[in-house]
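> quick one: sequence plus predicted model below, questions after.
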Amino acid sequence: MNINKLETFITLSNCLSFTEAAEQLYCSQPAVSMQIQSLEEDLGVQLFDRIGKKLYLTKQGDIFKPYAEQIVNLLRSGREHLHQLEDLSAGALVFGASNFVGVYLLPSVLAWYKEQYPKIKISMKITSSQQLIHQLESNSIEFLVLSDQVEVDESRYQTCSFYQDRLVLIARPDHHLAQKRRCTLYDLQNETFFMKPDKSATRQFLDMKFEQAGISLSNTIEISSLEGIKQGVIHGLGVAAVSELTVKQEIASGLLVAIPVDEVKFERGIQYVHYKNKHLSPAAKAFITMLDNILTEE
(Lines give C-alpha, C1' and ligand atoms only; values in the text may rest on other atoms or scores of the structure.)
Protein backbone atom coordinates (compact mmCIF):
# COMPACT_ATOMS: atom_id res chain seq x y z
CA MET A 1 0.00 0.00 0.00
CA ASN A 2 1.42 3.37 -1.05
CA ILE A 3 1.94 5.82 1.83
CA ASN A 4 0.77 8.66 -0.45
CA LYS A 5 -2.67 7.08 -0.58
CA LEU A 6 -2.91 7.19 3.20
CA GLU A 7 -1.77 10.82 3.33
CA THR A 8 -4.37 11.71 0.70
CA PHE A 9 -7.07 9.86 2.64
CA ILE A 10 -6.18 11.66 5.92
CA THR A 11 -6.17 15.06 4.23
CA LEU A 12 -9.52 14.46 2.52
CA SER A 13 -11.07 13.05 5.70
CA ASN A 14 -10.12 16.24 7.56
CA CYS A 15 -11.43 18.77 5.04
CA LEU A 16 -14.10 16.64 3.25
CA SER A 17 -13.54 18.58 0.05
CA PHE A 18 -11.72 17.32 -3.06
CA THR A 19 -10.93 20.91 -4.03
CA GLU A 20 -9.42 21.79 -0.67
CA ALA A 21 -7.56 18.47 -0.41
CA ALA A 22 -6.03 19.01 -3.85
CA GLU A 23 -4.87 22.49 -2.81
CA GLN A 24 -3.31 21.19 0.42
CA LEU A 25 -1.58 18.32 -1.42
CA TYR A 26 -0.47 20.49 -4.38
CA CYS A 27 -2.08 18.20 -6.94
CA SER A 28 -5.21 18.02 -9.11
CA GLN A 29 -8.68 16.94 -7.99
CA PRO A 30 -8.63 13.93 -10.35
CA ALA A 31 -5.34 12.84 -8.73
CA VAL A 32 -6.96 12.95 -5.29
CA SER A 33 -9.96 11.00 -6.60
CA MET A 34 -7.70 8.35 -8.17
CA GLN A 35 -5.70 7.92 -4.93
CA ILE A 36 -8.87 7.44 -2.90
CA GLN A 37 -10.37 5.05 -5.43
CA SER A 38 -7.16 3.00 -5.46
CA LEU A 39 -7.07 2.89 -1.64
CA GLU A 40 -10.70 1.75 -1.51
CA GLU A 41 -9.87 -1.02 -3.99
CA ASP A 42 -6.90 -2.07 -1.84
CA LEU A 43 -9.10 -2.25 1.26
CA GLY A 44 -12.20 -3.58 -0.43
CA VAL A 45 -14.47 -1.02 1.27
CA GLN A 46 -15.92 2.40 0.51
CA LEU A 47 -14.33 5.13 2.62
CA PHE A 48 -16.43 8.15 1.57
CA ASP A 49 -20.08 8.82 0.75
CA ARG A 50 -21.44 11.64 -1.40
CA ILE A 51 -24.81 12.93 -0.19
CA GLY A 52 -25.95 15.77 -2.38
CA LYS A 53 -22.98 18.07 -2.76
CA LYS A 54 -21.42 17.07 0.56
CA LEU A 55 -18.78 14.45 1.29
CA TYR A 56 -18.89 12.24 4.39
CA LEU A 57 -16.72 9.51 5.87
CA THR A 58 -18.41 6.12 5.85
CA LYS A 59 -18.41 4.02 9.02
CA GLN A 60 -15.52 2.05 7.53
CA GLY A 61 -13.65 5.27 6.75
CA ASP A 62 -14.16 6.53 10.30
CA ILE A 63 -12.80 3.25 11.72
CA PHE A 64 -9.82 3.22 9.36
CA LYS A 65 -8.78 6.85 9.93
CA PRO A 66 -6.90 6.44 13.27
CA TYR A 67 -4.97 3.48 11.83
CA ALA A 68 -3.97 5.53 8.79
CA GLU A 69 -2.85 8.37 11.07
CA GLN A 70 -0.76 6.00 13.17
CA ILE A 71 0.96 4.54 10.10
CA VAL A 72 1.76 7.93 8.55
CA ASN A 73 2.91 9.47 11.82
CA LEU A 74 4.99 6.43 12.70
CA LEU A 75 6.79 6.59 9.37
CA ARG A 76 7.36 10.34 9.82
CA SER A 77 8.69 9.70 13.31
CA GLY A 78 11.03 6.98 12.02
CA ARG A 79 12.50 9.31 9.42
CA GLU A 80 12.97 11.99 12.06
CA HIS A 81 14.75 9.59 14.38
CA LEU A 82 17.18 8.58 11.64
CA HIS A 83 18.16 12.23 11.16
CA GLN A 84 18.92 12.49 14.89
CA LEU A 85 21.09 9.37 15.20
CA GLU A 86 24.43 11.08 14.80
CA ASP A 87 23.81 14.05 17.10
CA LEU A 88 21.16 16.58 18.10
CA SER A 89 22.28 19.31 15.73
CA ALA A 90 18.96 18.95 13.86
CA GLY A 91 15.55 17.40 14.28
CA ALA A 92 12.29 18.01 16.13
CA LEU A 93 10.83 17.62 19.59
CA VAL A 94 7.05 17.11 19.38
CA PHE A 95 5.06 16.48 22.55
CA GLY A 96 1.88 17.46 24.35
CA ALA A 97 1.15 19.12 27.69
CA SER A 98 -1.91 20.03 29.73
CA ASN A 99 -2.63 23.73 30.17
CA PHE A 100 -1.05 24.31 33.59
CA VAL A 101 1.99 22.19 32.77
CA GLY A 102 2.58 23.76 29.36
CA VAL A 103 2.06 27.37 30.45
CA TYR A 104 3.69 27.47 33.88
CA LEU A 105 5.94 24.45 34.47
CA LEU A 106 7.72 23.61 31.23
CA PRO A 107 8.86 26.97 29.73
CA SER A 108 11.91 27.09 32.03
CA VAL A 109 12.86 23.55 30.97
CA LEU A 110 12.34 24.42 27.31
CA ALA A 111 14.64 27.43 27.71
CA TRP A 112 17.36 25.19 29.12
CA TYR A 113 16.76 22.62 26.38
CA LYS A 114 16.94 25.26 23.64
CA GLU A 115 20.22 26.50 25.06
CA GLN A 116 21.67 22.98 24.90
CA TYR A 117 20.18 22.04 21.52
CA PRO A 118 19.53 25.29 19.63
CA LYS A 119 18.78 23.65 16.25
CA ILE A 120 16.08 21.29 17.49
CA LYS A 121 12.64 22.48 16.37
CA ILE A 122 10.26 22.44 19.35
CA SER A 123 6.52 21.86 19.08
CA MET A 124 4.52 21.67 22.31
CA LYS A 125 0.79 20.99 21.88
CA ILE A 126 -1.23 22.42 24.79
CA THR A 127 -4.75 21.04 25.07
CA SER A 128 -7.07 18.96 27.26
CA SER A 129 -5.99 15.62 28.71
CA GLN A 130 -8.46 13.75 26.51
CA GLN A 131 -7.12 15.40 23.36
CA LEU A 132 -3.54 14.70 24.45
CA ILE A 133 -4.23 10.99 24.82
CA HIS A 134 -5.91 10.95 21.40
CA GLN A 135 -2.84 12.59 19.86
CA LEU A 136 -0.58 10.08 21.59
CA GLU A 137 -2.64 7.20 20.21
CA SER A 138 -2.36 8.60 16.68
CA ASN A 139 1.42 9.03 17.03
CA SER A 140 1.14 12.75 16.26
CA ILE A 141 3.12 13.39 19.47
CA GLU A 142 5.85 11.26 21.07
CA PHE A 143 4.90 11.74 24.70
CA LEU A 144 2.79 13.95 26.91
CA VAL A 145 3.18 15.71 30.27
CA LEU A 146 0.20 16.12 32.62
CA SER A 147 -1.11 15.58 36.13
CA ASP A 148 -0.85 12.07 37.56
CA GLN A 149 -4.51 12.46 38.54
CA VAL A 150 -5.35 11.71 34.90
CA GLU A 151 -5.83 7.96 34.59
CA VAL A 152 -4.09 6.23 31.68
CA ASP A 153 -4.04 2.60 30.61
CA GLU A 154 -0.88 1.35 32.32
CA SER A 155 -0.94 -1.85 30.28
CA ARG A 156 -0.25 0.29 27.19
CA TYR A 157 1.59 3.33 28.53
CA GLN A 158 4.77 3.94 30.48
CA THR A 159 4.30 6.65 33.12
CA CYS A 160 6.75 8.41 35.41
CA SER A 161 6.02 11.12 37.97
CA PHE A 162 8.93 13.56 38.10
CA TYR A 163 7.60 16.61 39.95
CA GLN A 164 5.40 17.36 42.97
CA ASP A 165 3.08 20.27 42.39
CA ARG A 166 1.70 22.02 45.47
CA LEU A 167 -1.67 23.74 45.39
CA VAL A 168 -2.26 26.73 47.66
CA LEU A 169 -5.45 28.39 48.87
CA ILE A 170 -5.55 31.96 47.56
CA ALA A 171 -7.60 35.00 48.52
CA ARG A 172 -7.41 38.79 48.40
CA PRO A 173 -5.30 40.29 51.20
CA ASP A 174 -8.44 41.88 52.73
CA HIS A 175 -10.44 38.62 52.76
CA HIS A 176 -11.48 37.53 56.25
CA LEU A 177 -9.65 34.17 55.89
CA ALA A 178 -6.48 36.05 54.98
CA GLN A 179 -6.82 38.01 58.22
CA LYS A 180 -6.87 34.71 60.17
CA ARG A 181 -3.61 33.74 58.38
CA ARG A 182 -4.57 30.05 58.35
CA CYS A 183 -7.72 27.94 58.12
CA THR A 184 -9.15 24.42 57.93
CA LEU A 185 -11.16 22.74 55.20
CA TYR A 186 -14.26 23.25 57.35
CA ASP A 187 -13.75 27.03 57.12
CA LEU A 188 -14.26 26.74 53.36
CA GLN A 189 -17.72 25.12 53.47
CA ASN A 190 -19.61 28.39 53.17
CA GLU A 191 -17.08 30.30 51.08
CA THR A 192 -17.56 31.06 47.39
CA PHE A 193 -15.04 28.67 45.87
CA PHE A 194 -13.77 28.86 42.30
CA MET A 195 -13.48 25.52 40.51
CA LYS A 196 -12.60 24.33 37.05
CA PRO A 197 -15.26 22.18 35.26
CA ASP A 198 -15.68 18.63 36.51
CA LYS A 199 -13.65 17.07 33.68
CA SER A 200 -10.55 18.98 34.78
CA ALA A 201 -7.85 16.93 36.54
CA THR A 202 -7.46 19.74 39.10
CA ARG A 203 -11.21 19.69 39.82
CA GLN A 204 -11.21 15.92 40.29
CA PHE A 205 -8.23 16.20 42.63
CA LEU A 206 -9.89 18.89 44.80
CA ASP A 207 -13.24 17.05 44.82
CA MET A 208 -11.43 13.98 46.13
CA LYS A 209 -9.76 15.98 48.92
CA PHE A 210 -13.04 17.54 50.07
CA GLU A 211 -14.86 14.20 49.83
CA GLN A 212 -12.19 12.52 51.96
CA ALA A 213 -12.74 15.19 54.60
CA GLY A 214 -16.52 14.76 54.42
CA ILE A 215 -17.01 18.35 53.27
CA SER A 216 -19.48 19.61 50.69
CA LEU A 217 -18.93 23.08 49.26
CA SER A 218 -22.19 25.00 49.21
CA ASN A 219 -21.26 27.75 46.76
CA THR A 220 -18.98 27.19 43.78
CA ILE A 221 -18.28 29.14 40.61
CA GLU A 222 -17.03 27.16 37.61
CA ILE A 223 -14.50 28.85 35.31
CA SER A 224 -12.53 26.82 32.77
CA SER A 225 -9.68 29.34 32.58
CA LEU A 226 -7.02 29.47 35.29
CA GLU A 227 -6.46 33.15 34.55
CA GLY A 228 -10.20 33.71 34.92
CA ILE A 229 -10.12 32.06 38.34
CA LYS A 230 -7.20 34.22 39.47
CA GLN A 231 -8.95 37.39 38.31
CA GLY A 232 -12.13 36.35 40.10
CA VAL A 233 -10.21 35.96 43.36
CA ILE A 234 -8.33 39.25 42.82
CA HIS A 235 -11.70 41.02 42.39
CA GLY A 236 -12.99 39.60 45.67
CA LEU A 237 -15.55 37.15 44.31
CA GLY A 238 -14.26 34.22 46.34
CA VAL A 239 -11.29 31.93 47.05
CA ALA A 240 -9.60 29.13 45.10
CA ALA A 241 -6.95 26.44 45.34
CA VAL A 242 -4.42 26.66 42.49
CA SER A 243 -0.87 25.59 41.78
CA GLU A 244 1.66 27.64 43.71
CA LEU A 245 3.64 28.10 40.49
CA THR A 246 0.74 29.93 38.84
CA VAL A 247 0.39 32.68 41.44
CA LYS A 248 3.98 33.48 42.39
CA GLN A 249 3.87 36.89 40.70
CA GLU A 250 0.47 37.86 42.13
CA ILE A 251 1.55 36.89 45.66
CA ALA A 252 4.87 38.74 45.32
CA SER A 253 3.06 41.88 44.13
CA GLY A 254 0.51 41.74 46.96
CA LEU A 255 -2.53 41.11 44.76
CA LEU A 256 -3.12 37.72 46.41
CA VAL A 257 -2.10 35.90 49.56
CA ALA A 258 -1.61 32.18 50.15
CA ILE A 259 -3.46 30.88 53.21
CA PRO A 260 -2.12 27.72 54.92
CA VAL A 261 -4.75 24.99 55.33
CA ASP A 262 -4.32 22.85 58.43
CA GLU A 263 -4.12 19.06 58.30
CA VAL A 264 -4.30 18.69 54.51
CA LYS A 265 -1.71 18.50 51.75
CA PHE A 266 -2.79 19.78 48.37
CA GLU A 267 -0.07 18.00 46.41
CA ARG A 268 -0.21 16.09 43.15
CA GLY A 269 2.40 14.57 40.89
CA ILE A 270 3.22 15.66 37.35
CA GLN A 271 4.02 12.78 35.01
CA TYR A 272 5.22 12.12 31.49
CA VAL A 273 3.54 9.38 29.49
CA HIS A 274 4.50 7.45 26.36
CA TYR A 275 3.80 4.08 24.80
CA LYS A 276 5.54 1.14 26.43
CA ASN A 277 8.57 -0.06 24.46
CA LYS A 278 8.30 2.97 22.18
CA HIS A 279 11.52 3.99 20.43
CA LEU A 280 11.71 7.59 21.56
CA SER A 281 13.72 9.96 19.40
CA PRO A 282 17.06 11.22 20.72
CA ALA A 283 15.46 14.67 21.02
CA ALA A 284 12.66 13.28 23.21
CA LYS A 285 15.07 11.25 25.33
CA ALA A 286 17.20 14.34 25.96
CA PHE A 287 14.15 16.36 27.06
CA ILE A 288 12.87 13.62 29.38
CA THR A 289 16.33 13.38 30.94
CA MET A 290 16.08 17.11 31.68
CA LEU A 291 12.67 16.58 33.29
CA ASP A 292 14.13 13.87 35.51
CA ASN A 293 17.27 15.80 36.45
CA ILE A 294 16.42 19.49 36.52
CA LEU A 295 12.99 19.62 38.15
CA THR A 296 13.79 17.09 40.86
CA GLU A 297 16.69 19.29 41.96
CA GLU A 298 14.57 22.44 42.34
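Happy to help now that I have it.

> residue boundaries of the helices in the stretch 51-200 of the chain?
For the stretch 51-200 of the chain, the helices defined by DSSP state H, counting those that start in this stretch occupy 59-83, 99-100, 107-116, 129-137, 176-180.

> for residue 286, which of those is the nearest?
Taking CB to CB, helix 107-116 is the member of these nearest to residue 286, at 7.2 Å. Where C-beta positions appear, they are placed from N, C-alpha and C, glycine not excepted.

> can you list the weak-confidence ranges in the stretch 151-298 of the chain?
Scanning the stretch 151-298 of the chain for pLDDT under 70 picks out the ranges 294-298.

> on that earlier part again, least reliable of the helices of the stretch 51-200 of the chain by average pLDDT, please.
Among those, helix 59-83 has the lowest mean pLDDT, at a mean of 81.

> how many other residues sit next to residue 216?
Residues near residue 216, counting by other CB atoms under 10 Å, number 8.

> coming back round to it: single out the most deeply packed of the helices of the stretch 51-200 of the chain.
Ranked by mean neighbour count, the helices of the stretch 51-200 of the chain are led by helix 99-100 with a mean of 21 (mean count of other CB atoms under 10 Å).

> hang on, the earlier thing: export the helices of the stretch 51-200 of the chain to JSON lines and append columns for distance to residue 21.
Listed next are these as JSON lines, based on distance: least, CB to CB, whole Å:
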{"stretch": "helix 59-83", "distance to residue 21": "14"}
{"stretch": "helix 99-100", "distance to residue 21": "32"}
{"stretch": "helix 107-116", "distance to residue 21": "34"}
{"stretch": "helix 129-137", "distance to residue 21": "22"}
{"stretch": "helix 176-180", "distance to residue 21": "58"}
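
> ok, the longest strand seen in the chain: who's next to it in the sheet?
If you go by DSSP state E, the chain has its longest strand at strand 157-171. Strand 157-171 sits in its sheet next to strand 239-243 (antiparallel), strand 257-259 (antiparallel), strand 267-275 (antiparallel), going by DSSP bridges.

> out of the helices of the stretch 51-200 of the chain, nearest to residue 202?
Once the helices of the stretch 51-200 of the chain are compared by CB to CB, helix 99-100 is nearest, at 7.3 Å.

> pretty sure residue 42 contacts residue 6?
No - using CB atoms under 8 Å, residue 42 makes no contact with residue 6, being 10.1 Å away.

> for the two, indicate the residue with more neighbours.
Counting neighbours by other CB under 10 Å for residue 42 and for residue 6 shows that residue 6 has the greater number, 21 against 11.

> now do the closest residue to that one other than its chain neighbours against residue 105, distance only.
Excluding its sequence neighbours, the residue lying closest to residue 6 (CB to CB, 6 or more residues apart in numbering) is residue 68, at 4.6 Å. Relative to residue 105, residue 68 is positioned 34 Å away (CB to CB, to the nearest Å).
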